[in-house]
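Asks: Here is the input, now give the coordinates:
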Amino acid sequence: MVPFQGYGRLTRGAGFALAGAVALLIAEKLGFVDVTVMMTVHILCWAYVLLRVIRGRASFAYVLLWGPLAFCLPKSIALLFYLFGGRKHSSLADAKKEVNRVAWRLSDEPDFGGNRFHLLGDRHGRDTLQALRTQIRGAKRRISLSTYILANDGVGREIVALLTAKAKEGVEVRLLVDAIGSWGIPLALCRPLRRAGGRIARFNPALPLQGKGSANWRNHRKIAVFDGTVAIIGGQNLGLKYMGDRPSNRRFRDCSFLIEGPSAAAIERVLIADWCQATDEPPIKFAALLRERSTAVGTARVEVVASGPDCENDPLWDCYVRLFTGCRASITIVTPYFVPDRKLFSLLVIAAHAGRKVKILIPRKSDHRLLDLARRWYLRMLREAGAEIYFYKPDVLHAKLVVVDREQLVVGSANLDMRSLFLNYEIGAVVREASAIAEVEGFINTLEGESTRYTEDLYLRSRTMTARAIEAVAKVIAPLL
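Replies: Sure thing, here's the model as predicted:
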């Protein structure tokens, strides 16, 4: 049972396709290919691009952009889409389903009840860093950690040093980093950990000749699991930009969540599936780990939701659709980037028109200027529908939170934008416990107290012809970012 063994064929196929495309382009330039053949190839490439665009939940403007480009440059655009386009990978979906089948054969399906849930929301990320230190030092059997960014700075080096010390003690240490988010850093930084017996893997290297799927698919999950009983998830990467002992005016305002109980095992299962994808190791190798279940330690229900190109559908998007559709009183969204798809946006507009309290809290300026431009149309339409919009000013707001009816809370790594909803590998959790939601609402109230409302002056400035032209272009390009 080795469900990941087909990846070699996938990558070889990618190499042959790339070599064939290059050879065809050279042959065309040298005049070795018949005009009829080239016209047929052009039409097929154009149709291929249109099919990929239409299947990708793209807006009409997105189709209008890529349709003419593919018609003018069919082979180049088709090659671009082959390397970086697409949203789903059927082989990966089958592989991830196999991980779940193995897990379910070895034990019952996960019980999401009986957890303790705690917010780690210090302004400078000190409590998240301290929680990582405490849990790493206290781990007895294994540490499984996955991050998008592992920075070569004080925080990154400290975490690696702590993991190295535990590996020397005989604790099983597994560290998974995204190959693009942590570009070039882990090779030297993690050498001591590897020598101490720790395992390090890079997720989906950029070149399709090496990677497993599109180079556009990034693992944006931030997961740390300790002995299968305690997990930390959220939006904070491992670096000084996200956490530290000393205050910094360059630090993102973010939060993470410590989860203790049965849901920690479900979170670790997601990480193990990613590990198998990155390393080609079969899930049966982790039979003992997948068989484990934690005992109930609290009252919070924490339902784990993983989403990405390896899923048949879009679980996080489906979760938001279900929550927004069933909203009775209020929706509160905290996100660094607000570029939703048509369905979610329409549900928010409908809720605001119907008198539900829709509140959006975003940074005054994020670290992606183009996404700030792309969001303006959505914010203007929501304001006209009656939504409340707040701009957080002190720092770059990087937290990702959704609260519906003060009864259900969604936390994790996903932003409310097209990339997180439909391209990235993301991890989320739906929390149902009054005290946990009250704790997060207190955090949101603190953010709101340091924010300014969407003003009439800003609203009018965003309606100029120049501003609308810029935001129209940004809206088309934003799904690619």
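
Asks: Can you pull the phi/psi pair for I200?
Replies: Note on I200: backbone dihedrals following degrees, to the nearest 10 are phi -130, psi 140.

Asks: nope, S146 is what I was after
Replies: Backbone torsions for S146, taken as degrees, to the nearest 10, come to phi -130, psi 140.

Asks: For it, grab the count of nearby residues.
Replies: 29 (other C-beta atoms under 10 Å). C-beta here means a position set from N, CA and C on the backbone, and glycine is covered the same way.

Asks: S182 is in contact with that one, correct?
Replies: No: S146 is beyond contact range of S182, at 10.8 Å (criterion: C-beta atoms under 8 Å).

Asks: backbone phi and psi for the residue lying closest to E172 once chain neighbours are set aside, please?
Replies: Counting by C-beta to C-beta, 6 or more residues apart in numbering, R142 is the residue found nearest to E172 once chain neighbours are left out, at 3.9 Å. In terms of degrees, to the nearest 10, the main-chain angles of R142 are phi -160, psi 150.

Asks: do the same with A131
Replies: Taking degrees, to the nearest 10 as the convention, A131 sits at phi -60, psi -40.

Asks: got a list of what it touches?
Replies: Residues near A131 by C-beta atoms under 8 Å, 6 or more residues apart in numbering: L120, I232, S256, L258.

Asks: Next, work out how far apart it and I143 are.
Replies: When distances are taken as C-beta to C-beta, to the nearest Å, A131 and I143 turn out to be 13 Å apart.

Asks: thinking again about what came up before, the residue nearest to E172 - how many residues pack around it?
Replies: Around R142 sit 16 other residues, with neighbours defined as other C-beta under 10 Å.

Asks: That one reaches D227, doesn't it?
Replies: Yes: R142 sits in contact with D227 when judged by C-beta under 8 Å, with a separation of 6.3 Å.

Asks: What is the subsequent helix or strand relative to the helix or strand containing A188?
Replies: A188 is part of helix 186-189 when elements are defined by DSSP states H and E. Scanning the chain past helix 186-189 towards its C-terminal end, the next helix or strand to appear is helix 191-195 (assignment: DSSP H and E).

Asks: Need the residues that contact that following helix.
Replies: By C-beta under 8 Å, 6+ apart, the residues outside helix 191-195 that reach it are V160, A161, L163, T164, A167, V173, L175, I200.

Asks: Spatially, what comes nearest to the second one if we skip its sequence neighbours?
Replies: Think A161. Beyond its immediate neighbours in the sequence, the residue positioned closest to A161 (C-beta to C-beta, 6+ apart) is P192, lying 7.5 Å away.

Asks: per-domain residue ranges of the protein.
Replies: For the chain, whose domains are defined here by automatic domain parsing, the residue ranges read 7-84, 90-302, 315-480.

Asks: Between these, which one is closest to P309.
Replies: Distances from P309 to each of the domains of the chain were compared by C-beta to C-beta, and the smallest falls on domain 90-302, at 4.8 Å.

Asks: chain center to the closest one: distance?
Replies: In terms of C-alpha atoms, centre = their mean, to the nearest Å, the gap separating the centre of domain 90-302 from the centre of its chain is 13 Å.

Asks: Restricted to helices, list the contacts of helix 191-195.
Replies: Filtering those for membership in helices, criterion DSSP state H, returns V160, A161, L163, T164, A167.

Asks: Let's see if you can find the most crowded of those.
Replies: Of all the ones in helices among the contacts of helix 191-195, L163 has the most neighbours under the rule other C-beta under 10 Å, reaching 25 neighbours.

Asks: and stretch 291-301, what's its mean pLDDT?
Replies: The average of the pLDDT scores along stretch 291-301 is 89.

Asks: D122 and F443, how far apart?
Replies: Applying C-beta to C-beta to D122 and F443 gives a distance of 10 Å.

Asks: show me the contacts for H398.
Replies: The contact partners of H398, taken as C-beta under 8 Å, 6+ apart, are G235, Q236, Y242, F252, R253, D254, P336, P363.

Asks: now do 7 Å
Replies: G235, F252, R253, D254, P336 (C-beta atoms under 7 Å, 6 or more residues apart in numbering).

Asks: Reformat those as TSV; add neighbour count and distance to E433.
Replies: Written out in TSV, the entries for these read as follows (neighbours: other C-beta atoms under 10 Å; distance: C-beta to C-beta, whole Å):
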residue	neighbour count	distance to E433
G235	25	20
F252	23	27
R253	22	24
D254	27	22
P336	24	25
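
Asks: ok, so of the residues you listed, who is nearest E426?
Replies: G235 (10.4 Å).

Asks: Could you double-check that that closest one sits in contact with A399?
Replies: Yes: checked against C-beta atoms under 7 Å, the pair G235 and A399 is within contact range at 5.9 Å.

Asks: hey, what's in contact with both of the two?
Replies: With contacts taken as C-beta under 7 Å, 6+ apart, the residues that reach both G235 and A399 are D254, C255.

Asks: on that earlier part again, JSON lines please, covering the contacts of helix 191-195 and showing distance to L44 and pLDDT.
Replies: Output for the contacts of helix 191-195, formatted as JSON lines (distance: C-beta to C-beta, whole Å; pLDDT from 0 to 100):
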{"residue": "V160", "distance to L44": "48", "pLDDT": "97"}
{"residue": "A161", "distance to L44": "54", "pLDDT": "97"}
{"residue": "L163", "distance to L44": "49", "pLDDT": "98"}
{"residue": "T164", "distance to L44": "52", "pLDDT": "98"}
{"residue": "A167", "distance to L44": "52", "pLDDT": "98"}
{"residue": "V173", "distance to L44": "48", "pLDDT": "98"}
{"residue": "L175", "distance to L44": "43", "pLDDT": "97"}
{"residue": "I200", "distance to L44": "42", "pLDDT": "94"}
